[in-house]
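Enquirer: got a predicted structure plus its sequence, pasted below:
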Amino acid sequence: MGNGKKITMQEAVELVKNGSSLTFSGFTIWRRPIAFVFELIRQKKSGLHLIEVNGGSHTELLVGAGCVDVWESCWVGHELYGKYGANLSRKVGTKEIIVEDYSHAEMMFRFSAAASGAPYAATQASLGTDIHNPEYDMLGRAGKRDGKRIAKHKYIFTEDPFYDAGQIVLIPAVKIDVAVLCVQQVGEEGTVRIAGQYYSDPEACRAADITIVVAEEIVPESYLRRHADQNTIPSFEVDYIVECPYGAHPTGMFGRYDVDGAFLKDFYSKTRTQEGFDAFAKEWIFGQDHISYLEKLGWSRMLKLRANTALNYSPRR
Amino acid sequence: MSKYATPEEYNLADLLCCAASREVRDNEIVFAGTGLPMVAIMLGQKTHAPNLKLIFEAGTLDGRPPELPTSVGDARCETGASRSSGLNDAFSIAQRGLVDLGYLGGAEIDLYGNVNTTCIGNYLEPELRLTGSGGNPDINSWSKRTVFIMVHEKRRFVEQVSYITSPGWRVKKWPGGEWVHRRELYGAAYQGGPSAVISTAGVFRFDEEEGYMYLDTYHPGKTVEEVKALCQFDLDVSRVQGETLPPTREELHIIHEVLDPDEIFIPKNKPTS
């Protein structure tokens, strides 16, 4: 059983073509598919267009490694472990990357629209800000708005035609080639059970043409189907599954392990320059696989991060 | 003995946290970002506003975390929560107009309360790209009141921000970019706007009709003139009420012994520079 969805990490990453639009599960420094991202870097993917409700440490890795041409989102950093995205910031300065800014709610609603098959969303988020400044339509300035995978307009301003509620902004649904989700459990047939906040994962999955789920564990489908009300994503929305324990490290996973703050702080401080990033990649990404990475981290580090199963996090005292 | 702490007993972060927590009223629905805002709101919950409902952007609704989360995506957020869900829920609730108060931060602020967290310098040729907006403009757009907590430096309190990330009282109407009052632009979605800025120098409020910032209180040890000199715009000081109330000993106890004993966001009392 299982419809042949189970593949290896290497095979999963091979499904991502250069130039694809990609999105990920999680929130800033939680439940990001880092093991998958490391493999994207090893396979030297290029020209990626990241479309994210919000960015985080995984964004910084891909941007630092030169895999990304366009980043469309609203925020990047490492929360209190690194106050902004130094790699993205550097590459904005050198114009090696195009950044298209929307607000957080706008990004969420663009995914919701895509997930429900609607061509766009209507909202009154962030009116009056420079996010809506027509001069700052960066994909438009770059001549990339083809009306196919990238919307013809960044925004359309209109007035509420139904209730005269005032100015409304129309924002295009996202077009995602591949969504990569990092979760606690997936069944052999693809049913996903996310524990804790599910962030924008259900919308990211449904919006994408292909969804790859990287799970801490693959469990019997029958186990998940005994309590279908606890499941987050139905089997048929998932195309491929990969088993990869600790696949989100150094980001955290509810109920399994905490964020490795020391690792992120170190990454942030060492990768402010390209040379620093390259040295980091040489040490932690290239020439490694997931097992050797975990061995390098070591038991004592991983046990400190391990969540208490009653609390769902690792208590500080 | 006074219930208020003496200047030797607290630091600037304590003062900011307490001033911020006093902005919340009981029974309000509050949207708090990561960091000091989170401690401030939880302090309010443990003092004068025990029935406030806390929303975290990542999807926790009415959470009661016993251990301080390090970010709103943290597994700690949803302990004791009424519901744990996702961003679509959190932002829909905000757009629906259910949020009374939002706590936010920023790198730069202008006379009208417009805040920048996107870039320093011209957006097209930035001197420094920052984190970007996150939910700052969304929460600020839809809350009845917004409180900004900021480091006060002259380069941060400017005539006009490099980039309006989050809307103040006078904003730009696109696509033309004319300056209009926030109420005029938001129409039926209008709920309110920035109500206070709590900086490391003082507490500022807004003339909501004219749309500009004025000084309400200056922090102990500062003078009105010093605060005025820390703004690039001509700060209105005609309505100053006096010094900011210091933290109480009870508040300090809650911050350091209950909420943040591990000094994740608020260091224990050490001399401030």
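Expert: Received, thanks.

Enquirer: for chain A, what's its nearest residue on the stretch 101-250 of chain B.
Expert: For the stretch 101-250 of chain B and chain A, the shortest gap (CB to the nearest CB) falls at B:Gly187, measuring 1.8 Å. For the C-beta atoms, the positions are set from N, CA and C on the backbone; glycine is no exception.

Enquirer: can you report how many residues neighbour that residue?
Expert: Residues lying near B:Gly187 (other CB atoms under 10 Å in any protein chain shown) number 17.

Enquirer: phi, psi of it?
Expert: With angles defined as degrees, to the nearest 10, B:Gly187 sits at phi 50, psi -130.

Enquirer: list the contacts of the closest residue to chain B within chain A.
Expert: Residue of chain A nearest chain B, by CB to the nearest CB: A:Gly166 (1.8 Å). A:Gly166 makes contact with A:124, A:159-160, B:185-190, according to CB atoms under 8 Å, 6 or more residues apart in numbering or on different chains.

Enquirer: of those, buried ones?
Expert: The neighbour count (16 or more other CB atoms under 10 Å in any protein chain shown) marks A:124, B:185-187, B:189-190 as buried among the contacts of A:Gly166.

Enquirer: can you pull out the helices in the stretch 1-150 of chain B?
Expert: With DSSP state H, counting those that start in this stretch as the criterion, the stretch 1-150 of chain B has helices at B:12-21, B:36-46, B:87-95, B:136-142.

Enquirer: contacts only, for residue 76.
Expert: The chain I'm using is chain A. Contacts for A:Val76 (CB under 8 Å, 6+ apart) come out as A:54-56, A:59-60, A:84-85, A:88, B:131-132.

Enquirer: let's do chain B instead
Expert: Neighbour list for B:Arg76: A:313, B:65-70 [criterion: CB under 8 Å, 6+ apart].

Enquirer: recalculate using a threshold of 6 Å.
Expert: A:313, B:65, B:67, B:69 (CB atoms under 6 Å, 6 or more residues apart in numbering or on different chains).

Enquirer: give me the pLDDT value at the residue lying closest to it once chain neighbours are set aside.
Expert: Excluding its sequence neighbours, the residue lying closest to B:Arg76 (CB to CB, 6 or more residues apart in numbering or on different chains) is B:Pro69, at 4.2 Å. pLDDT for B:Pro69: 94.

Enquirer: do I have it right that B:Pro69 meets B:Thr79?
Expert: No. Using CB atoms under 6 Å, B:Pro69 is not in contact with B:Thr79, being 9.1 Å away.

Enquirer: give me every residue in chain B lying close to chain A.
Expert: Selection of chain B residues close to chain A by CB under 6 Å from any CB of the partner chain yields B:34, B:58-59, B:70-71, B:73, B:75-76, B:84, B:86-88, B:91, B:123, B:129-135, B:137-138, B:141, B:163-164, B:167, B:171-172, B:174-175, B:185-189, B:262.

Enquirer: so which residues on chain A come close to chain B?
Expert: Within chain A, the positions adjacent to chain B are A:27-28, A:30, A:74-75, A:77, A:79-80, A:84, A:89, A:92, A:103-105, A:108, A:112, A:124-130, A:132, A:134, A:136, A:157, A:165-166, A:196-200, A:254, A:312-313, A:316 by CB under 6 Å from any CB.

Enquirer: out of those, which are buried?
Expert: Buried among these by 16+ other CB under 10 Å: A:27-28, A:30, A:74-75, A:77, A:79-80, A:84, A:89, A:92, A:103-105, A:108, A:112, A:124-130, A:132, A:136, A:157, A:165-166, A:196-200, A:254, A:312-313.

Enquirer: among these, name the ones in strands.
Expert: Using DSSP state E, A:Phe157 are the members of these that sit in strands.

Enquirer: and B:Gly106, how close does it get to A:Val13?
Expert: As judged by CB to CB, to the nearest Å, B:Gly106 and A:Val13 stand 38 Å apart.

Enquirer: again with A:Ile131
Expert: Counting by CB to CB - A:Ile131 and A:Val13 are separated by 33 Å.

Enquirer: the two: which has the busier surroundings?
Expert: Between A:Ile131 and A:Val13, counted using other CB under 10 Å, the more crowded position is A:Ile131 (27 against 23).

Enquirer: give the contact list for B:Arg129.
Expert: Counting by CB under 6 Å, 6+ apart, B:Arg129 touches A:89, A:92, B:119.
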